[in-house]
Each structure stands twice: as C-alpha cells, then as structure tokens.
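**Student:** below are the sequence and a predicted model; questions follow.
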Amino acid sequence: MIRIALAIMLLATTLGAQAARYDERDPYEAFNRGVFAFNEFLDEWALRPAAQAYRFVTPDFVDSGITNFFNNLRRIPTLGNQILQLKVTPAAETATSFIFDTFFGLGGFVDWSHRWGLRDQKEDFGQTLVHWGLPDGPYLMLPLLGPRTVSDAVGIIPDSFWTRDLYSDVHGDTQLIAQTVNVVDRRADVIPAERFIQGDKYIFLRNAYLERREFDIHDGLMLDDPFAGDDLDDF
C-alpha cells in the first residue's frame, strides 16, 4: 500500500502535462463522463459501503489471502496471452508462479512466488491484438467495468474463456459469491489510496489507467511510469 501512495502522489504532480498528452485518446469524453457518473453513483451507494464493511470485518491475513488467490487466477489469461504473443521466458515465469502458488500456496492464498523474486506481468487479449499490429484504440469508460481502451474492451470475452473451465463444475450461486467477493476485495484494497486523488477525478483516473495501460503494452520497457507496480492494477 505504501507503493500505491507514492505512485499516486507522483502521478498527481504530473497531471497537468499528462492531461494534454491524453486528450486525443479520449475523443468520447462527453459520453465517458456520463458513464463515469453512473459508475460513481453505484460505487457511492453500493460497492464502496460493501468494501468498507469488508475491510472492517475481514482480518488482514484473510484479506491478503483472498487477494492473492484471485491474483493467482488472473495469471491464467496472462499465461495464455503470453503464449499467443510468443513471449517464452515470461510465459515460463508465469506458469512457474501459478503452479507453485497453486500447489504449495494453498491454491494461491499464500504468494510464495513474489517472495522468491518471480515477477508478474499483466497480459490480456487486447495487448495480444496490439502486439500483432492492431491499434490500442481510444479511451472508453464502460458501465460497471470501468476504464478501458477499445482493444481492452474487445479482449474481455476472449480472456474469460481462459478461466471458464475452472468454474464449469461450480454451482451458479457459488460462482456469483466468488465473483462478488473478488470485486469487493479489489475495491477494498484501494480505499486507503483514495485520499491522494487530486483535481478532476475523471481526468485523474483516466490518466492513471492510460499510464498503466501503456506500461503493460510495452512490458515496462523505456517508460517512466509511476504506476509500474502490480499493486496499482485495480486502482
């Protein structure tokens, strides 16, 4: 969480320059702001109160374990997309992390791989499209799903196929509970960082997302990005 705070403070100091840089990537700003207002309404009256209650009743070690568990599951689409992008070494690292944490970390509740220096990269199908020459596309704010680019939005459905079989034998109510816990846990993890948001919240979060998106697409190469840490994916 300290890394989140430092990265957000660094981003706040560069908001002016970054806003000009990304205006051209947000040609649908009027529409996006309307969707953003809708999402903010749902967050204020439903998701954030649930996340606050979750933080109050959940012990820290349980909270960390749940976060680790879902982060481990997200390695599956990352691994699939690394293979599609022919990234052999990163794919091997991701596979090693997933297998080790799954079998020796109680299904991923204990994140041994990070403690041993294995690093995670985030790959999605949208990044795979960009890797093979398609543009990332303009910025979009989607209802419930939040900030995306066109390629990121297109990749949502293909990425869901990577983990679909894991839930094929799980009862529908159990799936819903697991998905709800995942969303609430991710929302709860960024509550402490909210106090660092400055100025226009829409612009702040747009720039944060686009900075992180650029970092992910380029695998962090030759980019000075305050959102380089894995902790900021959810934010």
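**Tutor:** That came in fine, so what should we check first?
**Student:** which residues of the chain fall in strands?
**Tutor:** With DSSP state E as the criterion, the chain has strands at 139-142, 146-149.
**Student:** what strands line up against the first one, and which way round?
**Tutor:** When you say that, I think you mean strand 139-142. strand 146-149 (antiparallel) (DSSP bridges).
**Student:** quick one: the partner strand to chain centroid distance?
**Tutor:** 10 Å (CA atoms, centre = their mean, to the nearest Å).
**Student:** what lies in contact with that strand?
**Tutor:** 25, 39, 126, 136-142, 156, 205-206, 209-210, 213 (CB atoms under 8 Å, 6 or more residues apart in numbering). Placement of C-beta: from N, CA and C, glycine included.
**Student:** could you export it as PDB, CA atoms only?
**Tutor:** This file holds the C-alpha atoms of strand 146-149, laid out as PDB (Å, rounded to 0.1, in the frame of the first residue of the first chain):
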ATOM      1  CA  GLY A 146     -14.800   1.000 -15.700                       C
ATOM      2  CA  PRO A 147     -11.900   2.400 -17.800                       C
ATOM      3  CA  ARG A 148     -10.800   0.500 -20.900                       C
ATOM      4  CA  THR A 149      -9.400   1.100 -24.300                       C
END
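**Student:** buried residues, it. List them.
**Tutor:** Residues of strand 146-149 classed as buried by neighbour count (16 or more other CB atoms under 10 Å): P147, R148, T149.
**Student:** from those residues, pick the one nearest Y54.
**Tutor:** P147 (22.5 Å; CB to CB).
**Student:** for the closest one, give its distance to V35.
**Tutor:** 10 Å (CB to CB, to the nearest Å).
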